[in-house]
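Q: Sequence and predicted model, in that order:
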Amino acid sequence: MSKNILSLSGNWRVDYLSSTPYTEVTEPVILDTSNSATTLSVPGYWEDMMQQFASTQLHRKLNINPLYTDQSYPMTGYCPDMYLPNPVGCLAYEKAFVLENVPQIAELFIGGAQNTVSAWVNGVYLGRHEGYCTPFAFSIPEGTLTVGENRVTLAVSNNRLQGYQGRPVSGLTSRAANECTGGIYGDVELRSYPDGLCDLWVTVNDNCTSFTVHTKGAGNIRKIVTITYKNETVSTATIPAGEETVTVTAQGLLRWTPETPELYQVTVTTENQSLSASFGVRRLSAEGKRLYLNGQPYYFRGICEHCYQYNTVHPTTDKGYYIDVIRKLKSLGFNSIRFHTWIPPYAYMEAADELGMLLEVETPNNTSLEEWEHIVRFCRHYTSVNMYSTGNELQIDHAYENHLHACAQLVHSQTDSLFSPMSAMRGIEYMLQEDDPRVTEPFEYNPQ
């Protein structure tokens, strides 16, 4: 996607604010303003910087996970998830940058952080984001940026997130149920859009006879749409001023499947800007207990991805790594991956698009509806993503059914994918303990 980008990654001055999240709208102050102030690298996870922390004055302030204890082996009986000796709380980040020209439409883009971020530019509060699954951005109000030196400040906390009905959010990229993972794990950028065109994605209709090109921004500008295959133009269309979408025929276009991962390129052009994205013509549908890919019965042979990264611990952004993983899985006969309570990075989904692998993305348990929308908007850019799920082994009661309807509506209104309420069900067999009372007579249905 073509846009003007000023990278803000690299070294940032930091200070430890507190053991709890920072929720104020006033900009936090980094107390140490000397040249010897602590700096941390962005992107970077806090637990990967423990030796760096130990060499600074900041180390004395850190609140280390109070639940961590020394583990002794061998263990007998029930073995819980391990707690880690990581910093817990909130760090303030600060960085200066210089602008020669002030863009009219700009945003502060963050490629991912755990778990909560509040942002300021030149002391102006931009907002607060809760959730760690996807990149996100803050709009910068007009008049905030100036020619010359500017300042961006972030308050980043890794305290446990409260999601659906205040329940703790739990997923595998946050060390299962034990949180602790913290830091800014994606690039930070100042992005500007000359004509306001800021997003582009494609959805395919039910029978794959056409597809719709969706845009966001530049609403009052005429947009030219070009579809190419291997650098050859196959069709063109126009989105009139005031419109955001156009539907294009798929007649004569090749279909995307795991066996034939054919990708096309869509480019949307305005007077001063253009955005491009890849897409495949494919549609997964369900009839009863059967799944159909592009109208043909399709049998899923899948694995469960538990976010086990043996080299980096955290999910890598190295696309080559995921290419190797998918090639190996395909050589073993697999055609699909279910992600256990985590959202794969863009590099994983790009590799699946290009090599051919169906993906089911799954949110951490108890993810809020707001974070659900961020996840849907992130994953809808990838052809390989064909199914969304709300989590793993949660009990579904009547209140949660209402939450599921809202989640499903987001998926069905903004993507062409299927929705699965839960990847693995949870019920009586999980809940009963040896000393619980038993019933001998039928009783009225009660999911609680």
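A: Structure received.
Q: show me where pLDDT drops low in the stretch 151-300 of the chain?
A: 175-179 (pLDDT under 70).
Q: show me where the stretch 1-150 of the chain has helices.
A: Secondary structure of the stretch 1-150 of the chain (DSSP state H, counting those that start in this stretch): helices located at 50-54.
Q: Quick check, central residue of the protein?
A: Thr134 (2.0 Å; C-alpha atoms, centre = their mean).
Q: correct me, but that residue touches Pro344?
A: No: counting by C-beta atoms under 8 Å, Thr134 does not reach Pro344; the two are 10.4 Å apart. Quick note: C-beta positions are derived from backbone N, CA and C, even for glycine.
Q: Tell me the predicted confidence for the residue nearest to the centre of the chain.
A: Listed pLDDT for Thr134 reads 96.
Q: Can you tell me how far it is from Val147?
A: Distance of Thr134 to Val147, computed by C-beta to C-beta, to the nearest Å: 32 Å.
Q: again with Tyr73
A: 61 Å.
Q: quick one: which of these two has more around it?
A: Val147 (10 against 4; other C-beta atoms under 10 Å).
Q: Quick one: the strands in the stretch 201-350 of the chain, in order.
A: 210-216, 223-229, 232-239, 245-249, 264-269, 274-279, 284-287, 290-293, 296-297, 302-305, 336-339 (DSSP state E, counting those that start in this stretch).
Q: could I get those strands as a markdown table with distance to Asp199 and mean neighbour count?
A: Output for the strands of the stretch 201-350 of the chain, formatted as a markdown table (distance: least, C-beta to C-beta, whole Å; neighbours: other C-beta atoms under 10 Å):
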| stretch | distance to Asp199 | mean neighbour count |
| --- | --- | --- |
| strand 210-216 | 4 | 19 |
| strand 223-229 | 12 | 18 |
| strand 232-239 | 13 | 14 |
| strand 245-249 | 12 | 14 |
| strand 264-269 | 10 | 20 |
| strand 274-279 | 8 | 18 |
| strand 284-287 | 23 | 14 |
| strand 290-293 | 27 | 16 |
| strand 296-297 | 31 | 8 |
| strand 302-305 | 27 | 16 |
| strand 336-339 | 23 | 22 |
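Q: Save those as a markdown table, and put in distance to Ala96 too.
A: Compiled in a markdown table, the strands of the stretch 201-350 of the chain are given as follows (distance: least, C-beta to C-beta, whole Å):
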| stretch | distance to Ala96 |
| --- | --- |
| strand 210-216 | 30 |
| strand 223-229 | 36 |
| strand 232-239 | 39 |
| strand 245-249 | 40 |
| strand 264-269 | 34 |
| strand 274-279 | 30 |
| strand 284-287 | 48 |
| strand 290-293 | 51 |
| strand 296-297 | 57 |
| strand 302-305 | 40 |
| strand 336-339 | 38 |
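Q: Ala113 is nearest to which of those?
A: Among the strands of the stretch 201-350 of the chain, the nearest to Ala113 by C-beta to C-beta is strand 336-339 (19.5 Å).
Q: Need the contact partners of that closest one.
A: 258, 300-305, 307, 329, 352, 357-362, 389, 423 (C-beta atoms under 8 Å, 6 or more residues apart in numbering).
Q: Now, of these, which are buried?
A: Buried members of the contacts of strand 336-339, counted by 16 or more other C-beta atoms under 10 Å: 258, 300, 305, 307, 329, 352, 357-362, 389, 423.
Q: now, the most widely separated pair of those residues?
A: Pro258 and Cys307 (21.7 Å).
Q: Which one, of the strands of the stretch 201-350 of the chain, ends up nearest to Asn159?
A: strand 336-339 (24.2 Å).
Q: Tell me how far that closest one lies from the chain's centre.
A: On the basis of C-alpha atoms, centre = their mean, to the nearest Å, strand 336-339 sits 16 Å off its chain's mean C-alpha point.
Q: What pairs with that strand, parallel or antiparallel?
A: strand 302-305 (parallel), strand 358-362 (parallel) (DSSP bridges).
Q: Just send those strands back as JSON lines, with distance to Tyr185 and mean pLDDT too.
A: Shown next, in JSON lines, are the strands paired with strand 336-339 (distance: least, C-beta to C-beta, whole Å; pLDDT from 0 to 100):
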{"stretch": "strand 302-305", "distance to Tyr185": "18", "mean pLDDT": "96"}
{"stretch": "strand 358-362", "distance to Tyr185": "18", "mean pLDDT": "97"}
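Q: Can you lay out the ones you listed as JSON lines showing distance to Leu253?
A: Compiled in JSON lines, the strands paired with strand 336-339 are given as follows (distance: least, C-beta to C-beta, whole Å):
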{"stretch": "strand 302-305", "distance to Leu253": "27"}
{"stretch": "strand 358-362", "distance to Leu253": "19"}
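Q: can you tell which of these is closest to Trp120?
A: Of all the strands paired with strand 336-339, strand 358-362 comes closest under C-beta to C-beta, at 31.6 Å.
Q: Skipping adjacent residues, who's closest to Gly171 in space?
A: Nearest residue to Gly171, sequence neighbours excluded (C-beta to C-beta, 6 or more residues apart in numbering): Pro364, at 2.7 Å.
Q: neighbours around that neighbour, how many?
A: Neighbour tally, Pro364, other C-beta under 10 Å: 28.
Q: can you pull the contacts of it?
A: Applying C-beta under 8 Å, 6+ apart, the residues near Pro364 are 133, 163, 169-174, 341-342, 391.
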